[in-house]
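[1] generate coordinates for the sequence data below:
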Amino acid sequence: MCRTVDLHQAVLAKNDTNAVELRRTLDDRGTTAVNLLSSPGSGKTALLELLLTRSLAGGTPAAAVTADLATENDATRLARSGAPVRQILTDGLCHLEAGMLGGKLEGWLPEGTRLLFVENVGNLVCPASYDLGETLRIALASVTEGEDKPVKYPAAFGLAHLVVVTKSDLAEAVEFRRDDFLAGVQQVNPGVPVIETSARTGEGVDKLLAHVLRAADGRQTHTPVLARQHEKHLHHHGEGDAEHEHPHPHDPAAAHLPAGNPR
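    The predicted structure follows:
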């Protein structure tokens, strides 16, 4: 068991190093990375296609990287927006890592790209623990998934800078209990903004894009409580203390996420 925990900590430590380097590289290019996390079937790809289309229409250069265990279906769909898109096939790995993302961007990401959307693997467990060098982390859930999603996956929602509800046009049909969902979100991530969207009707999409652009302009984003707790943990024990630098992997605060907008 100890060897398993030590290995996990080593992987996270390496990822943290890669994430810091990638964030610095993207900052130097003037590119803001947005990490999108959700379970499969949340409508993340449809919403992202619309975000890319509206970004380009509004004069903001945007690109996307999408990750899946297999197939390039999502990349094909996103490319319809006219934005540059690349696919990462993880070959069974349930999450992206900063090194994987950085390797895919090298020599490809067009100069002048303002927004880089990263569609993570459809999974609310593993991806929560990996910083991808993003400025903004968004957790998404559709109205069809149930109101208790945030409390079932506290790390994914508790470490998000923004929570997005998708498929809002179906809320009445599926009897979505909005108040229960919002209460769960605030339980795991007090104060986090929530935006309701529908890729079908366009509801909330402009509001979401405006939020992303504010983060890209360097305005302070929401700082999750879990991220603040982790920062205090590191400060209290000293970052050089290997025993305390990386909490137990099952601790939600083990996700090494920038506490706020690093710019």
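[2] mean confidence for stretch 69-87?
    For stretch 69-87, mean pLDDT is 94.
[3] please apply the same query to stretch 40-50.
    Rounded mean pLDDT across stretch 40-50 is 97.
[4] now do the buried residues in the longest helix seen in the chain.
    As assigned by DSSP state H, the longest helix anywhere in the chain is helix 2-29. Neighbour-count burial for helix 2-29 flags 8-9, 12, 15-16, 18-20, 22-23, 26-27, 29 (criterion: 16 or more other C-beta atoms under 10 Å). For glycine as for every other residue, the C-beta is placed from the backbone atoms N, C-alpha and C.
[5] quick one: I88 is in a strand?
    Yes. I88 sits within a strand when classified using DSSP: H, G, I helix; E, B strand; the rest coil.
[6] for A183, see how far away it is.
    35 Å (C-beta to C-beta, to the nearest Å).
[7] swap in A139?
    16 Å.
[8] out of I88 and A183, which sits in the busier spot?
    Higher neighbour count among I88 and A183: I88, with 21 against 13, using other C-beta atoms under 10 Å.
[9] bridged to the more buried one, which residues?
    Judged by DSSP bridges, the bridge partners of I88 are A67.
[10] closest to P150 out of the buried residues of helix 2-29?
    L12 (23.2 Å; C-beta to C-beta).
[11] as a markdown table, the buried residues of helix 2-29 with distance to A215 and pLDDT would be great.
    A markdown table is the format used below for those (distance: C-beta to C-beta, whole Å; pLDDT from 0 to 100):
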| residue | distance to A215 | pLDDT |
| --- | --- | --- |
| H8 | 30 | 66 |
| Q9 | 30 | 77 |
| L12 | 24 | 84 |
| N15 | 22 | 94 |
| D16 | 21 | 93 |
| N18 | 21 | 96 |
| A19 | 17 | 96 |
| V20 | 18 | 96 |
| L22 | 17 | 97 |
| R23 | 13 | 97 |
| L26 | 13 | 97 |
| D27 | 13 | 97 |
| R29 | 16 | 97 |
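[12] export those residues to TSV and tack on distance to A155?
    Listed next are the buried residues of helix 2-29 as TSV, based on distance: C-beta to C-beta, whole Å:
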residue	distance to A155
H8	14
Q9	16
L12	13
N15	15
D16	16
N18	20
A19	17
V20	21
L22	21
R23	20
L26	24
D27	26
R29	29
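[13] which parts of the stretch 1-150 of the chain are helices?
    2-29, 44-57, 73-79, 98-105, 149-152 (DSSP state H, counting those that start in this stretch).
[14] find the residue closest to L170 in space, skipping its chain neighbours.
    V143 (5.5 Å; C-beta to C-beta, 6 or more residues apart in numbering).
[15] that neighbour: how many residues sit nearby?
    With other C-beta under 10 Å as criterion, V143 counts 25.
[16] and it, what's its pLDDT?
    At V143, pLDDT is 98.
[17] the one 5 residues further on too?
    At D148, the model reports a pLDDT of 97.
[18] now for it: which residues touch it?
    D180, G184 (C-beta atoms under 8 Å, 6 or more residues apart in numbering).
[19] now do it against P224, distance only.
    Taken as C-beta to C-beta, the span from D148 to P224 is 19 Å.
[20] same deal with T60?
    26 Å.
[21] count the residues that sit near T221.
    The burial count for T221: 22, using other C-beta under 10 Å.
[22] close enough to count as contact, it and A227?
    No. Using C-beta atoms under 8 Å, T221 is not in contact with A227; the gap is 10.6 Å.
[23] so who does S55 touch?
    Listed by C-beta under 8 Å, 6+ apart, the contact set of S55 reads P61, A62, A83, R114, L115, L209.
[24] picking up where we left off before, right, and the helices of the stretch 1-150 of the chain - which one's nearest S168?
    helix 44-57 (10.7 Å).
[25] need the contact list for the residue most central in space within the chain.
    Centroid check for the chain by C-alpha atoms, centre = their mean gives N35 as the closest residue, at 2.8 Å. Counting by C-beta under 8 Å, 6+ apart, N35 touches V118, N120, P127, L132, E134, L136, R137, I138.
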